[in-house]
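K.L.:
Here is my input, please return the structure:
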Amino acid sequence: MKLFVLLFMLVWNCWAVDGWDSLRIRVGVSHSAAGIWVPKGKLKAKPAVIIWLHGGMQSGKCEKGFEAGLAALPWVQSKQVVVASPSVCRDQHWLTPNGLDVIESLLDSLDARFHFDSKKISLVGVSDGGFGVVAYSYQGKRAIAHRLLVSTFPGLWIPQNQINDVKSRFSVGSWEYLQGGKDQIFPADQAKPWIEEFCRQIPNCKLQWDSQGEHDMSWWVEHRSEWLRKAFAGLASS
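P.N.:
Numbering: from 1, shown residues only. I've put the predicted structure just below:
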């Protein structure tokens, strides 16, 4: 049996929020720290899955995944969704083979335990976590149904004139970007034109633009909660 199954160490604990049970595991060759949240009660046979990819992918904090996915829980209304978040750090970030392995191994582990619906996999990427969403969509073995990218700019590694070269892998499932004009990490004059061109070429893609929007997730929670609520409702749908 593969290493990821052997490493599926179950530790149910008390740090779950109300209405959710939680689990901490290690996945992949790098033993990535991953958090999993499951609605209390009985899941149906094939739940949907939301994978949250954290930002700060090159920081020295290598266990962000244990808690990163907590940010998704207030927006998930369905009781038939499993939420999970893996970790990357330093030079083993989302754009490396390790990043791909971590996401793939986490999905393998979730499937082994929860037998999720393979047609209902969603990815959420915040800041450079969005790079992981794009990288997995291009290289991962599973099709992604929905994607939500907040305050990100994949154009740093996919030039605008190369979108056409990769769009065949991106044409399955939906894309939604939340991007702001006052983002100090990814300037609007670079990020907005790239995302607009991406959505022009990729079907089922939309940009939610706020000229006052800032980089931090907290800004979107405070000022655009309705956008987040609708986006997460879409992530949990078929």
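
K.L.:
CA atoms for contacts and neighbours, from now on please.
P.N.:
Will do.

K.L.:
quick one: the strands in the protein?
P.N.:
Using DSSP state E, the strands of the chain run over 20-27, 32-39, 48-53, 81-85, 121-126, 146-150, 174-180, 205-210.

K.L.:
which parts of the last one are buried?
P.N.:
By that I understand strand 205-210. 205, 206, 207 (16 or more other CA atoms under 10 Å).

K.L.:
For the second one, list each beta-bridge partner.
P.N.:
The partner list for residue 206 in beta bridges (DSSP bridges) reads residue 176.

K.L.:
hang on, it packs against residue 192?
P.N.:
No - the criterion here is CA atoms under 8 Å, and residue 206 misses it with residue 192 at 11.7 Å.

K.L.:
how about the nearest residue to residue 145, chain neighbours excluded?
P.N.:
residue 173 (4.2 Å; CA to CA, 6 or more residues apart in numbering).

K.L.:
Quick check: the gap between that neighbour and residue 28.
P.N.:
26 Å (CA to CA, to the nearest Å).

K.L.:
which one of the two has more residues nearby?
P.N.:
Taking other CA atoms under 10 Å, residue 173 and residue 28 do not tie; residue 28 has more neighbours (25 against 20).

K.L.:
phi, psi of that one?
P.N.:
Main-chain torsions, residue 28, degrees, to the nearest 10: phi 80, psi 170.

K.L.:
and it, how far is that from residue 103?
P.N.:
Distance of residue 28 to residue 103, given as CA to CA: 8 Å.

K.L.:
list residues touching both of the two?
P.N.:
Residues touching both residue 28 and residue 103 (CA atoms under 8 Å, 6 or more residues apart in numbering): there are none.

K.L.:
which helix is the longest one in this structure?
P.N.:
helix 97-114 (DSSP state H).

K.L.:
Report the angle between that helix and strand 20-27.
P.N.:
130 degrees (axes from the mean of the first three to the mean of the last three CA atoms, to 10 degrees).

K.L.:
Tell me which residues are up against helix 97-114.
P.N.:
With contacts defined as CA under 8 Å, 6+ apart, helix 97-114 is touched by 4-5, 8, 27-30, 32, 34, 45-47, 86-88, 92-94, 116, 132, 135-136, 139-141.

K.L.:
From the buried residues of strand 205-210, pick the one nearest residue 150.
P.N.:
Ranked by distance to residue 150 (CA to CA), the buried residues of strand 205-210 are led by residue 207 at 10.1 Å.

K.L.:
I'd like to know how far that closest one sits from residue 200.
P.N.:
10 Å.

K.L.:
could you give the mean pLDDT of stretch 151-165?
P.N.:
Averaging pLDDT along stretch 151-165 gives 94.

K.L.:
With only the CA atoms kept, save it in CSV.
P.N.:
Taking C-alpha atoms only, stretch 151-165 is exported to CSV below (Å, rounded to 0.1, in the frame of the first residue of the first chain):
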residue,chain,number,x,y,z
SER,A,151,-5.6,38.1,-4.4
THR,A,152,-3.3,36.3,-6.7
PHE,A,153,-1.4,36.7,-10.0
PRO,A,154,-0.4,33.5,-11.8
GLY,A,155,1.0,35.7,-14.6
LEU,A,156,4.2,35.8,-12.7
TRP,A,157,5.0,32.4,-14.1
ILE,A,158,2.6,32.0,-17.0
PRO,A,159,3.1,35.0,-19.4
GLN,A,160,-0.1,36.4,-20.9
ASN,A,161,1.0,35.4,-24.4
GLN,A,162,1.3,31.8,-23.3
ILE,A,163,-2.2,31.3,-21.9
ASN,A,164,-3.3,29.9,-25.2
ASP,A,165,-0.6,27.2,-25.0
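
K.L.:
Off-centre distance for it?
P.N.:
Its chain's C-alpha centre and that of stretch 151-165 lie 18 Å apart, by CA atoms, centre = their mean, to the nearest Å.
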